[in-house]
Each structure stands twice: as structure tokens, then as C-alpha cells.
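Engineer: Any chance you could fold what I've pasted below:
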Amino acid sequence: MDRDDDNPAVSLLKRILEDAHSYGATTIQIELLDGDATRIRFRVDGQLRDGRGFPRVMYPALVGRVKGMAGMDVANARTSQSGVIRFGSKRQGVDYVVTTEVTAHGEALCLSVNPTAETDTSDLRSSPYHSQ
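Structural biologist: Residues are numbered from 1 along each chain as shown. Reported below is the predicted structural model:
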């Protein structure tokens with residue numbers, strides 16, 4: 001019985017997204033560095049904040065999971081790509097706009113956090129600026 005919850009890449013991605021939510025991040029940057037280092041950074045109020053790292057051996061699985069969820073070509077690591085991961089509905093949810101960038105150490109991921117909410121435009125005409 002193979003469940004997504006038991007998949008280390010799924011657990012790691014869930015942890016990263018939960019951290020981003022708890023920090024109030026607008027952007028998540030994930031990249032490989034020299035040696036065995038990985039780096040996660042969260043943009044909070046315009047400042048980059050370092051997140052908890054993870055073992056380098058998990059990086060390919062994480063990148064594959066994110067790219068697959070975003071509808072990107074998982075096998076293509078030689079060109080930059082973009083896609084979207086949607087959670088929830090248009091009324092209440094979040095979209096992650098995902099881009100990959102080719103770097104000297106491999107692919108880097110950037111996830112822009114975009115809360116979604118339908119805007120009620122029915123009362124726009126009731127503005128005091130429009131009343132005559």
C-alpha cells in the first residue's frame with residue numbers, strides 16, 4: 001500500500017508550504033548549493049528569511065514532485081519552465097506560481113504564493129464617488 005503521505009518528497013513539500021504559510025511568505029526559493037548543501041528561503045515583508053534545510057539526496061524527488069504538480073516537464077532540467085499549483089477553490093485557496101531556473105548546481109525552484117479569492121464587484125457602483 002503506497003500512500004502519498006509516506007513519500008518523503010511529499011512530506012518535505014508539505015513542511016515547506018506549512019512553514020511558508022506560518023511565516024506569511026510571499027515567495028519560496030529552493031536551491032542547491034556547493035557540496036551537500038540545500039537552501040530554502042522565504043520572502044517575508046520584502047526580506048529573505050532562511051528556512052530549515054534538508055538532505056541533498058531528496059532534492060531531485062522534491063523538484064520532480066513540484067514540477068509534476070505544476071504541470072511542467074519533469075524530465076526537462078536544461079531550460080527554465082513555469083507552471084501553477086492550485087490548492088483550494090477560487091473562493092478560498094492559494095495558487096503557487098512555480099518557476100525553475102537553471103543554475104551551475106542544478107535547477108532552482110521559486111514558488112510565488114498567491115492567495116485566491118473571488119472579488120465581489122457588485123457594490124462597486126455604490127461608491128460615494130459614483131453617486132449623483
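
Engineer: Mind listing the residues bridging to residue 114?
Structural biologist: Per DSSP bridges, the residues bridged to residue 114 are residue 95.

Engineer: list the contacts for residue 87?
Structural biologist: Each residue near residue 87 by C-beta atoms under 8 Å, 6 or more residues apart in numbering is listed here: 93-96. Glycine gets a C-beta too; all of them are placed from N, C-alpha and C.

Engineer: and what of residue 96?
Structural biologist: With the criterion set at C-beta under 8 Å, 6+ apart, residue 96 makes contact with 17, 28, 70, 84-87, 111-114.

Engineer: Apply 7 Å and report the result again.
Structural biologist: Applying C-beta atoms under 7 Å, 6 or more residues apart in numbering, we find residue 96 in contact with 84-85, 111-113.

Engineer: out of those, which are buried?
Structural biologist: With neighbours counted by 16 or more other C-beta atoms under 10 Å, the contacts of residue 96 contain buried members at 85, 111-113.

Engineer: could I get those residues as CSV with secondary structure?
Structural biologist: Formatted as CSV, the buried ones among the contacts of residue 96 follow (DSSP: H, G, I helix; E, B strand; the rest coil):
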residue, secondary structure
85, strand
111, strand
112, strand
113, strand
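
Engineer: Reformat the contacts of residue 87 as CSV; add distance to residue 40 and pLDDT.
Structural biologist: Shown next, in CSV, are the contacts of residue 87 (distance: C-beta to C-beta, whole Å; pLDDT from 0 to 100):
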residue, distance to residue 40, pLDDT
93, 23, 84
94, 18, 88
95, 20, 91
96, 14, 94
